[in-house]
Every structure is written in structure tokens, then in C-alpha cells.
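K.L.:
with the sequence up front, the predicted model follows.
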Amino acid sequence: MLIARTLPDLRAACAHLRRTAGSLALVPTMGALHLGHRTLVRAALASGAATVASIFVNPLQFGPTEDLSRYPRDEAGDLAALQAEGCALAWLPDGATMYPAGDATTISVDGPADGWEGTIRPGHFRGVATVCAKLFGQVRPDRAYFGEKDWQQLQVVRRMATDLLLPLDIVGIETVREPDGLAMSSRNRFLSPTERQTAAGLIGVLRATAASVAARRDAAEPLAHARRTLADQGFAVDYLALVDGPSLMETGRSGPGVRLIAAATLGSVRLLDNIPAG
């Protein structure tokens, strides 16, 4: 596996891989890789493209009250995992490479970025859109792979790529879960043993709620019941809502393309999850 830490090295490596493989696939990550990330790499490899994985903890998507320094980092472990999966190139830029002095451009997305995470974490999606646009410009991939666990993020990146006519496909991959159903996340390691056991209840509530909503004309009561249930289990619920998948606009009933989305906190760990509700 090739490793690039500077833009000249990245460009040379990408040019070589495109000549030999014909196409490039990008898996953007912030490191602390788990099976969810590895599944993205496997999907990219299955497409036949030479696969590039980036590792960059993006400061622009962290708010002033969020602890950037606490985000888990394990470069040696991440590189070993990528090599084991058959990744062709790891791209590890530093902050000065991604945001050089004099940098004056960021990307703001409306539409799917409005509400939910966009409200709770002001500026977050500006950071996501900006770093993804930079990565797409650096690597010039034909496809980029993102997990569906961060559903709103996936829709924001898709909207940006479509609106800016970026020449790549954005591919979403189904959420990878622990055996008890908890969506895999780099932050799960910060759950205490008791919190980890409780955390598995989130997906159970989502599945029961989706079934209840499908059986009714009005989603209000099942959603209210789900919020009460999660609160009783110890979750601090930021939101639990039924939305149109691509637009993230709230809706009152299940149907094709509808998602049930949730964000809730246990202890110091904020959990995101979503499932189809159509």
C-alpha cells in the first residue's frame, strides 16, 4: 500500500493508480477505523477501482464546545487495517495542507443541511462539505463511499456534488452494526460497560417505532412514545423524527424513501442512527 502525506506525492500516486487500474475510489475517514470503515473499503474495491482512503481529523466540522483533541486517533492501527483490506493508497494530509494560510473559501449547503444536526451543530456541515470538496479535488476519484449511519451527512455531500457538478458518484453503504444492533462508531469506545449495554436499546426502539408508524396513518403518537421510551432508558434525546430521505424534510407518515432518524446521548457519547421507514 502506498502512503502519501504531501500533495505532490498524492498526485503522483493517484496518476500511477489511474494508469494501472483505470479508475479511483475514495473512502474519506477521520481514522479510528472499525468494521464500518473497512466495509466501505471493501465496497470500493469490489467496484474494481484502485481504492484511496483518507485519514484526516477535520477541525472545521467541530464546534467550539466539541473536543477535537478527544477524537480517537490510531494511525498505525488504521494503516495496518487499510493494508489488510487491500487499499491501494492512504492519504494522510496535515492541517496546513488541507487549510493553508490564506485559505478563504468554504462551502455552505442549505436544503438537507438544514435542521437536525445542522441546527444542533452549527457550522458542522460547512466543515463536512468543505473538507469533502477538498478531498475530491485532491484525489479526483470516480466514486466516493460514505456510510448510511450518518444519513444527513450523506445527503449533504450528495447535494453538494450534484449542485457543483462534481464529476464523481457518491455511493452510500448500509450501516454496519454490532451483533446486538448498535451502529458502529469510533465514539462507541467511550461508552462505559453499563452505557454500552443501554446503547443497544436505541436500534430496538427505532425498529419498533418504524413498525408502529407503518401500521398507522399518523406518526405523532408512535414518535412521542419512542422519545419517552428512550428517555426512560437513560438517553438524552436530541431528536427522533420521520423525514424524507433525500431532503431531510419532516413528514407525518411512512412511505418509499422515508427514514426514521435519531440522535441521543448516553453519558458523554452522542449516538446517531437511522433506518428506512417505508
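P.N.:
Good, I have the coordinates.
K.L.:
which parts of the chain are strands?
P.N.:
Assigned by DSSP state E, the chain shows strands spanning 2-4, 24-29, 50-55, 89-91, 143-147, 169-173, 236-244, 258-266, 269-276.
K.L.:
who are the packing partners of the second one?
P.N.:
Using 3 or more CB pairs under 8 Å, 6 or more residues apart in numbering; DSSP states H and E as the contact criterion, the elements in contact with strand 24-29 are helix 7-21, helix 35-46, strand 50-55, helix 124-139, strand 143-147. Heads up, the C-betas are built off the backbone N, CA and C, glycines and all.
K.L.:
repeat that for the first one.
P.N.:
Secondary structure elements in contact with strand 2-4, counted by 3+ CB pairs under 8 Å, 6+ apart, are helix 7-21, strand 89-91.
K.L.:
can I get the helices and strands packed on strand 24-29 in JSON lines including mean neighbour count?
P.N.:
Output for those, formatted as JSON lines (neighbours: other CB atoms under 10 Å):
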{"stretch": "helix 7-21", "mean neighbour count": "15"}
{"stretch": "helix 35-46", "mean neighbour count": "20"}
{"stretch": "strand 50-55", "mean neighbour count": "27"}
{"stretch": "helix 124-139", "mean neighbour count": "21"}
{"stretch": "strand 143-147", "mean neighbour count": "23"}
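K.L.:
export those to TSV and tack on mean pLDDT and distance to Pro193?
P.N.:
Below are the helices and strands packed on strand 24-29 laid out as TSV (pLDDT from 0 to 100; distance: least, CB to CB, whole Å):
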stretch	mean pLDDT	distance to Pro193
helix 7-21	98	41
helix 35-46	98	20
strand 50-55	98	29
helix 124-139	98	29
strand 143-147	98	25
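K.L.:
of all the ones you listed, which one is nearest Ala96?
P.N.:
helix 7-21 (10.9 Å; CB to CB).
K.L.:
just the helices in the stretch 151-278 of the chain please.
P.N.:
Taking DSSP state H, counting those that start in this stretch as the test, the helices found in the stretch 151-278 of the chain are 151-163, 193-199, 201-214, 220-233.
K.L.:
any idea which of those helices is most buried?
P.N.:
helix 151-163 (a mean of 21; mean count of other CB atoms under 10 Å).
K.L.:
for it, give me every contacting residue.
P.N.:
With contact meaning CB atoms under 8 Å, 6 or more residues apart in numbering, helix 151-163 is reached by 107, 109, 111-113, 116-118, 125, 128-129, 132-133, 136, 144, 146-148, 166, 168, 170, 172, 245-248, 259, 261, 272, 274.
K.L.:
chain center to that helix: distance?
P.N.:
Computed by CA atoms, centre = their mean, to the nearest Å, the chain-centroid distance of helix 151-163 equals 11 Å.
K.L.:
ok, now stretch 49-64?
P.N.:
Its chain's C-alpha centre and that of stretch 49-64 lie 10 Å apart, by CA atoms, centre = their mean.
K.L.:
quick one: end-to-end length of that stretch, please.
P.N.:
Terminal residues of stretch 49-64 lie 38 Å apart, using CA to CA, to the nearest Å.
K.L.:
can you check stretch 265-278 too?
P.N.:
Stretch 265-278: ends 26 Å apart by CA to CA.
K.L.:
work out the gap between it and the centre of the chain.
P.N.:
Its chain's average C-alpha position is 12 Å from that of stretch 265-278, according to CA atoms, centre = their mean.
K.L.:
report the buried residues of it.
P.N.:
Going by neighbour count (16 or more other CB atoms under 10 Å), the buried part of stretch 265-278 is Leu266, Val269, Arg270, Leu271, Leu272, Asp273, Asn274, Ile275, Ala277, Gly278.
K.L.:
reformat the residues you listed as CSV; add distance to Thr198 and pLDDT.
P.N.:
Output for the buried residues of stretch 265-278, formatted as CSV (distance: CB to CB, whole Å; pLDDT from 0 to 100):
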residue, distance to Thr198, pLDDT
Leu266, 6, 97
Val269, 11, 95
Arg270, 14, 96
Leu271, 10, 98
Leu272, 16, 98
Asp273, 14, 98
Asn274, 19, 98
Ile275, 19, 98
Ala277, 23, 95
Gly278, 28, 83
